[in-house]
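Participant: here you go, sequence then predicted model.
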Protein chains: 2
Amino acid sequence: MRKKKVQTALLTGRTAQGERTRQAILEVAVHVASAAGLEGLTIGRLAAKLAMSKSGLFAHFGSKEELQLATIAAARSIFIREVVHPALKAEQGLSRLWKLCDIWLDYVQREVFEGGCFFAAAAAEFDSRPGVIRDRIAEIMKEWLGGLERSIRESQAAGQLQNKIAPAQLAFEINALEMGANWSFQLYGDPDAFARAREAILQRLRSLSTKSAPTLALTRRGKRRAAA
Amino acid sequence: MRKKKVQTALLTGRTAQGERTRQAILEVAVHVASAAGLEGLTIGRLAAKLAMSKSGLFAHFGSKEELQLATIAAARSIFIREVVHPALKAEQGLSRLWKLCDIWLDYVQREVFEGGCFFAAAAAEFDSRPGVIRDRIAEIMKEWLGGLERSIRESQAAGQLQNKIAPAQLAFEINALEMGANWSFQLYGDPDAFARAREAILQRLRSLSTKSAPTLALTRRGKRRAAA
DNA sequence: GCGTAAAACGAACGTTCGTGCTATAAAGCC
DNA sequence: GGCTTTATAGCACGAACGTTCGTTTTACGC
């Protein structure tokens, strides 16, 4: 039962070079996984796509599961950078809530990930497979739903949104419409899906807003794309 | 280039016994596929679960793709039996439209398929993989969306639903909310998801119905489950 | 109940999967 | 510049995949 000799990058400190390679791997992994799934993300194919050896790539993670977890973490960072942070620039309340929805749809349409929403794909893939991966995905999706809920509560606290709607209920509806657009776009390549989701969400938000609510409207983004 | 001797069930006529086995295989396949995915549906595991040999099972289909297509066809039959036919018992118009939604949610909640809606799972799995499988899934989903649309148009023609809403738009919204409930139930096991979807759909339908529309309400089904 | 055709089997094929070893090349510190 | 640590490669493994083959068992029409 002797300790094994420390040999891989994984078990030791990291070097600038090692970290660079790792990032390069994850950048590709994230796109492959969003399209082919976290299971379809095979080490061999990933290595080939990066022109490196299986074992060399493997050493950075130590196991497939660790690679998957690292890929999920990388995808989460991208999501935060591309969706969450931009939306936080809108002022708290209904404006921000709408911006969260609007930018999310744009994030799918812009194909930030090749296979649409990374987490929608991963959730569908792992929802029947208990384990660390599934738990992590569920956690991240809860973060997102929680963020929506908070923004809804803030809108209510600001007197811009009626109190009769339960935040969890509205968050569910918004999320469902967003995922519906993602689903429709992935399966049919139908870009109208985004306009439909925007229309549905806008209609719902307007029907629930108060007289002191800001005016919600399609952004340049939404309109330009709807016109196409 | 002589013709091979005819040897497999696939290439020859079928016997009662062969057909029975085939059905038994598909009955299991449909559940495995809904949970593990159409790719996770491996011939070896399926054979083990049925206590038969890989080759014996394989001979019924001739290829994995054929097995997948047969599984999809079997799932479609079950869906029609469990959702479409029951809903057609309601009278045409808004009642039927609501019943379509209600029964669909029930079909997921009753776990007609182990992994939730078979087609939602299959669509997510194959949406980035062009081929026969993907095409067939897309076709079947179009059937369903088309059915919703038709029911919406019938409701409008009967003067029960306002004309200002485009049928495709409402069908999109309903489908999204349903899939959202399925998604939430699969990932979190949260049974409240169904109540939320019912509430959202009911709210939407009521907001769009005319004075001559029938009263829509939660059925025994919906209420009992919401109370739990 | 016999003869034939269908159904099921067991073993093996070539791949690809994830994962170990061991050796070499590169990087980073003193 | 030499030494240690890290990064990558090469090779092999056992398992599982879909598929094929030849054989054996079972079902069914006459």
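Facilitator: That came through, no problem.
Participant: just name the shakiest helix or strand of chain A by mean pLDDT.
Facilitator: helix A:220-227 (a mean of 59; mean pLDDT, DSSP states H and E).
Participant: ok, A:His31 - contacts?
Facilitator: A:Phe113, A:Glu114, A:Gly115 (Cβ atoms under 8 Å, 6 or more residues apart in numbering or on different chains). The C-beta positions use only the backbone N, C-alpha and C, and glycine is treated the same way.
Participant: pretty sure A:Ala138 sits in a helix.
Facilitator: Yes. Under DSSP: H, G, I helix; E, B strand; the rest coil, A:Ala138 sits within a helix.
Participant: could you check how far it is from DNA strand C?
Facilitator: In this view, A:Ala138 and DNA strand C are 22 Å apart by Cβ to the nearest atom of the strand, to the nearest Å.
Participant: how many neighbours does the nearest residue in space to that residue that is not next to it in sequence have?
Facilitator: Leaving out its chain neighbours, the residue that sits closest to A:Ala138 by Cβ to Cβ, 6 or more residues apart in numbering or on different chains is B:Leu187, at 5.6 Å. The local packing of B:Leu187 (other Cβ atoms under 10 Å in any protein chain shown) involves 21 other residues.
Participant: which parts of chain A are helices?
Facilitator: A:16-40, A:43-49, A:54-58, A:64-79, A:85-88, A:94-109, A:118-126, A:132-157, A:167-188, A:192-208, A:220-227 (DSSP state H).
Participant: which one of these has the lowest average pLDDT?
Facilitator: Sorting the helices of chain A by mean pLDDT places helix A:220-227 lowest, at a mean of 59.
Participant: picking that back up, give me the buried entries from the contacts of A:His31.
Facilitator: Neighbour counting over the contacts of A:His31 (16 or more other Cβ atoms under 10 Å in any protein chain shown) leaves A:Phe113, A:Gly115 as the buried ones.
Participant: can you list the contacts of A:His31 in a markdown table and add distance to B:Arg22 and pLDDT?
Facilitator: Shown next, in a markdown table, are those (distance: Cβ to Cβ, whole Å; pLDDT from 0 to 100):
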| residue | distance to B:Arg22 | pLDDT |
| --- | --- | --- |
| A:Phe113 | 39 | 95 |
| A:Glu114 | 38 | 92 |
| A:Gly115 | 34 | 92 |
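Participant: quick one: which of the contacts of A:His31 is nearest DNA strand D?
Facilitator: Ranked by distance to DNA strand D (Cβ to the nearest atom of the strand), the contacts of A:His31 are led by A:Gly115 at 21.8 Å.
Participant: show me what contacts that closest one?
Facilitator: Shown in contact with A:Gly115 (Cβ under 8 Å, 6+ apart): A:His31, A:Ala33, A:Ser34, A:Ala35, A:Ala36, A:Ala121, A:Gln186, B:Asp127, B:Ser128.
Participant: ok, now A:Ala193?
Facilitator: If you count contacts by Cβ under 8 Å, 6+ apart, A:Ala193 has them with A:Gly180, A:Ala181, A:Asn182, A:Ser184, A:Phe185, B:Phe172.
Participant: mind doing that once more with 6 Å?
Facilitator: If you count contacts by Cβ atoms under 6 Å, 6 or more residues apart in numbering or on different chains, A:Ala193 has them with A:Ala181, A:Ser184, A:Phe185.
Participant: mind putting those into CSV with neighbour count and distance to A:Gly93?
Facilitator: Rendered in CSV, the data for these read as follows (neighbours: other Cβ atoms under 10 Å in any protein chain shown; distance: Cβ to Cβ, whole Å):
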residue, neighbour count, distance to A:Gly93
A:Ala181, 29, 24
A:Ser184, 25, 29
A:Phe185, 22, 29
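Participant: nearest to A:Arg45, of the residues you listed?
Facilitator: A:Phe185 (24.8 Å; Cβ to Cβ).
Participant: how much space between the nearest residue to that closest one once chain neighbours are set aside and B:Phe113?
Facilitator: Using Cβ to Cβ, 6+ apart and skipping the chain neighbours, the partner closest in space to A:Phe185 is A:Ala193 (4.9 Å). Computed as Cβ to Cβ, to the nearest Å, the A:Ala193 to B:Phe113 distance reads 25 Å.
Participant: next, count neighbours for A:Pro86.
Facilitator: Neighbour count for A:Pro86, taken as other Cβ under 10 Å: 16.
Participant: now the contacts of A:Ala193 in JSON lines, with distance to DNA strand C?
Facilitator: Formatted as JSON lines, the contacts of A:Ala193 follow (distance: Cβ to the nearest atom of the strand, whole Å):
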{"residue": "A:Ala181", "distance to DNA strand C": "31"}
{"residue": "A:Ser184", "distance to DNA strand C": "30"}
{"residue": "A:Phe185", "distance to DNA strand C": "27"}
